[in-house]
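1. Show me the folded form of this:
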Amino acid sequence: MNSILKIEDLHVAVEDTPILKGVNLDIRQGEIHALMGPNGSGKSTLAYALAGHPKYEITSGKVEIDGTDIVELDPCERARLGLFLAFQYPVVIPGVKVADFIRHAVTNVRNPDRKEGENLMPMREFRKELKQRMEDLGMDTEFARRYLNEGFSGGEKKRMEILQMAMLQPKFSILDETDSGLDSDAVKVVAEGVNRLAGPGMGVLIITHHDRLLEYNIPQYTHVMLGGRIVETGDAELARELHNEGYQSVRERHPQEATDQLEPSAS
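-> Below is the predicted model:
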């Protein structure tokens, strides 16, 4: 049976300001969902709230993975249950090598009962797997020796997150505007990387303004967010329409939600 990420009547506030006002969404392994909407509609708030960012307070509603409520769990526990977030703006961590970061992350996700100070994933096994994954993604293995995101181009930062996804093998991946700020060549590389990893074992939620990622990762479901709610759901054709025509017709159909665009920036 496929795993399911179930979001039910989710309300989220930031500094006491309501942002999400009743989001309902089910994502199953093997499905690709697109979440689109104008700036301030609540898309990134949903991503950060699911991942457990402390700034985003879930005030009511449920988020479950296979029936386990994750609302009170910390981000590490959510990751162990199979949730992964690719950030819109990945952070730089000077002094921490890519390989060391990924080795710790993989060990903690795959061995949830591991105690502090216990052995990490065996180095020989880790290096073999990391090398294979990097080759699959067309990445130079020297990349793993660099400090995490330090001096990385925008495209390299996003490819780094695709590599993390490949190693962690999550049940559900949330891509928060992964195509933001990238040129066409970089978008193609990232999109092809996601396409290689998406499959029966992973459900994907692609949050985007554009359809560039969706050309390579055709969504079975496209959701439109406005004013902190999902107001419409369709298929890949809806994504194409929104890209070509914008959100004016959506605003006209949902005037109440269109008046409230309050989403803050993550920090």
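2. and the residue nearest the centre of the chain, what does it touch?
-> With distances taken as Cα atoms, centre = their mean, residue 174 lies nearest the centre of the chain, 1.9 Å away. Residue 174 is in contact with 47, 50, 51, 83, 84, 85, 86, 204, 205, 207, counting by Cβ atoms under 8 Å, 6 or more residues apart in numbering. Quick note: C-beta positions are derived from backbone N, CA and C, even for glycine.
3. Ok, residue 250 next?
-> Counting by Cβ under 8 Å, 6+ apart, residue 250 has contacts 224, 226, 231, 232, 242, 258.
4. Out of those residues, which comes closest to residue 139?
-> residue 242 (32.0 Å; Cβ to Cβ).
5. Check which helix or strand that closest one maps to.
-> Residue 242 belongs to helix 236-245 when assigned by DSSP states H and E.
6. what's the answer for residue 133, then?
-> Going by DSSP H and E, residue 133 is in helix 123-136.
7. Mind giving me the packing neighbours of that helix?
-> Helices and strands touching helix 123-136, as assessed by 3 or more Cβ pairs under 8 Å, 6 or more residues apart in numbering; DSSP states H and E, comprise helix 98-110, helix 154-168.
8. List the buried residues of the first one.
-> This means helix 98-110. 98, 99, 101, 102, 103, 105, 106, 107, 108, 109 (16 or more other Cβ atoms under 10 Å).
9. what do you get for stretch 149-163?
-> 149, 152, 154, 155, 156, 157, 158, 159, 160, 161, 162, 163.
10. now stretch 207-215
-> 207, 208, 209, 211, 212, 213, 214.
11. Go through the residues you listed and flag which are in helices.
-> 212, 213, 214 (DSSP state H).
12. Can you tell me which of the residues you listed lies closest to residue 192?
-> residue 213 (10.1 Å).
13. residues contacting the closest one?
-> 175, 178, 179, 187, 190, 191, 194, 206.
14. just residue 83 next, same as before
-> Applying Cβ under 8 Å, 6+ apart, the residues near residue 83 are 5, 50, 51, 65, 70, 170, 171, 172, 174.
15. what pLDDT does it get?
-> Here the pLDDT value assigned to residue 83 is 96.
16. ditto for residue 214
-> pLDDT at residue 214 comes out at 83.
17. Which residue, other than its chain neighbours, is closest to it?
-> Distance criterion Cβ to Cβ, 6 or more residues apart in numbering; nearest residue to residue 214, sequence neighbours excluded, is residue 239 at 5.3 Å.
18. Can you get me a residue count around that neighbour?
-> 26 (other Cβ atoms under 10 Å).
19. Can you report phi and psi for residue 25?
-> phi -160, psi 130 (degrees, to the nearest 10).
20. secondary structure element for the residue nearest to it when sequence neighbours are not counted?
-> Sequence neighbours aside, residue 7 is the residue nearest to residue 25 in space, at 4.4 Å (criterion: Cβ to Cβ, 6+ apart). Using DSSP H and E, residue 7 sits in strand 4-14.
21. what residues are up against residue 93?
-> Going by Cβ under 8 Å, 6+ apart, residue 93 touches 101, 147, 148, 149, 150.
22. Okay, and which of those map to helices?
-> residue 101.
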